[in-house]
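Participant: Pasting the sequence and the predicted coordinates here, then a few questions.
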Amino acid sequence: MTQPPQQTHQTAGPPSALVAWLAERAGVADDANTLGATAVDGGVLVQSLVANGKPAAALQVIAAALPPREGVWWAWVSARHASQAAPPAPAITAALAAVEGWISQPDDERRRAAWGAGERAGLDTAAGCAAAAVFFTSGSVAPAGVTAVPPPAGIDGILAGNAVTLAAATNPEHFEALAGAYIAQGLEVVKQLGGWDKAVAISQEHFQTQQERQHRLSTTPSSDASAGQRPPR
């Protein structure tokens, strides 16, 4: 993994709408206001957070910017890298395999399987968090075959960011170096998506779709819902 590319944006004034949205989703709105990120893109916010000794916050900003599948991929790559420091427990290996399976074929069966694998690995592990992120990307968080309960909007991104942070924390003495490497990987994914504007546009659309679905189902009278209806994909 390479180090994060150097950004050349200037920092001044209040955060832009795009940066403000990222900061809110990542839970770093106060940091964004303090740092005075500009309107260009999220790269300056990431750079500023790193420069101010807040790499974990920078990881969450990147997670907020990535669409669900790319965010899960980033979490999986980081968790897999962290697992190579020592022979992983079988539950960790199984969680990583479940995430990889969903990335290859993101259907509802693999999404639910990832949740079970994540629980067994533990949500205090990078692999477990990555698997949990898969579960909250779509579908229903209720058991299969009952009335659908959509996942809260944005939880998948938070869990993906947590997974990458936990991966960096597997070696506390080298946390900053590992976080820097994972930040570089995340920034490369943003670049491959076409830059911050395009990546965030997809992420925002996913977030808004989740919000709308949650609102729609929460305001539908339960008497009108079919208990046997399968959740939309």
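Facilitator: Received the coordinates, thanks.
Participant: packing partners for the lowest-mean-pLDDT helix or strand in the chain?
Facilitator: When the helices and strands of the chain are scored by mean pLDDT, DSSP states H and E, helix 29-35 comes last with a mean of 82. Helix 29-35 sits against helix 17-26, helix 43-51, with contacts defined as 3 or more Cβ pairs under 8 Å, 6 or more residues apart in numbering; DSSP states H and E. All C-beta spots, glycine's among them, are computed from the backbone N, C-alpha and C.
Participant: Could you say which of these is packed most deeply?
Facilitator: Compared across the helices and strands packed on helix 29-35, helix 43-51 shows the largest average neighbour count, a mean of 23 (mean count of other Cβ atoms under 10 Å).
Participant: related to what we said a few turns ago, of the helices and strands packed on helix 29-35, which is nearest Ala97?
Facilitator: Relative to Ala97, the nearest member of the helices and strands packed on helix 29-35 by Cβ to Cβ is helix 17-26, separated by 28.5 Å.
Participant: Please work out which residues outside the closest one touch it.
Facilitator: Residues outside helix 17-26 that contact it (Cβ atoms under 8 Å, 6 or more residues apart in numbering) are 14-15, 29, 31-33, 37-39, 41-42, 44-45, 57, 60-61, 63-65, 154, 157, 161, 196-197, 200, 204, 207.
Participant: Buried subset of these, written for PyMOL?
Facilitator: Command for PyMOL that selects the buried part of these, burial taken from 16 or more other Cβ atoms under 10 Å:
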select buried, resi 15+29+31+32+37+38+41+42+44+45+57+60+61+63+64+65+154+157+161+196+200+204+207
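Participant: Just the ones of the contacts of helix 17-26 in helices?
Facilitator: With helices taken from DSSP state H, the overlap with the contacts of helix 17-26 comprises 29, 31-33, 44-45, 57, 60-61, 63-65, 157, 161, 196-197, 200, 204, 207.
Participant: okay, which residue is most central for the protein?
Facilitator: Closest residue to the average C-alpha location of the chain: Gly157 at 2.6 Å, with Cα atoms, centre = their mean.
Participant: Touching, that residue and Ala63? I think so.
Facilitator: Yes: at 4.9 Å, Gly157 counts as touching Ala63 under the criterion of Cβ atoms under 8 Å.
Participant: Please enumerate the shared neighbours of the two.
Facilitator: Common neighbours of Gly157 and Ala63 (Cβ under 8 Å, 6+ apart) are Gly71.
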